[in-house]
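J.: Predicted model, plus sequence, below.
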Amino acid sequence: MAMSKINVLTMFFMVVLASSQVPLYQLPYCMDVVLNFDWCAGYLEGNWDNVALPCCRGLHTLNSIAQREGPRRICQCIEDMANHQLGIPYIPSRIDDLYVKCQIHLSFPISQSMNCST
């Protein structure tokens, strides 16, 4: 019974998302990703010189979520954020720095030109 309610709600949100003109990252579907990744986006785009502690904490939180539910949703939300950030690409060397500075191996991809369709 509870599982069928979850499936119905999931399908409802998928239909809403597919028909929506609002960027995915602005919807509740991505709220946890935005809150946990936004600190990293500024660093990856070159706006900040150092990785902020909230970025690392956020990556650890997102990693836990990805390990529980899979990386697809997180990847899609980050991709949508990257595509709507005035076309500013992530700097590849800074992506590599995140792994070292935050001491983490991510369960979801981050790349210069995010593409979660594969």
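T.: Received the coordinates, thanks.

J.: For stretch 34-54, measure first residue to last.
T.: With CA to CA, to the nearest Å as the measure, stretch 34-54 spans 12 Å from end to end.

J.: okay, and for the chain, where does confidence drop off?
T.: The chain contains residues with pLDDT under 70 at 1-27, 85-87, 118.

J.: tell me, what residue is most central in it?
T.: Nearest to the mean C-alpha position of the chain, counting by CA atoms, centre = their mean, stands Ile78 at 3.2 Å.

J.: Looks like that residue contacts Asn115 (just checking).
T.: No. Taking CB atoms under 8 Å as the definition, Ile78 is not a contact partner of Asn115, at 10.9 Å. For the C-beta atoms, the positions are set from N, CA and C on the backbone; glycine is no exception.

J.: so who does the residue nearest to the centre of the chain touch?
T.: 33, 37, 108, 110, 114 (CB atoms under 8 Å, 6 or more residues apart in numbering).

J.: let's go with 7 Å and repeat that
T.: 33, 37, 110, 114 (CB atoms under 7 Å, 6 or more residues apart in numbering).

J.: how about it, secondary structure?
T.: Here Ile78 is helix, with the state taken from DSSP: H, G, I helix; E, B strand; the rest coil.

J.: cool, and Gln103?
T.: coil.

J.: Now it: closest residue in space that isn't a chain neighbour?
T.: Among residues not flanking Gln103 along the chain, Cys56 sits closest, at 7.7 Å (CB to CB, 6 or more residues apart in numbering).

J.: Nice, that's everything, thank you.
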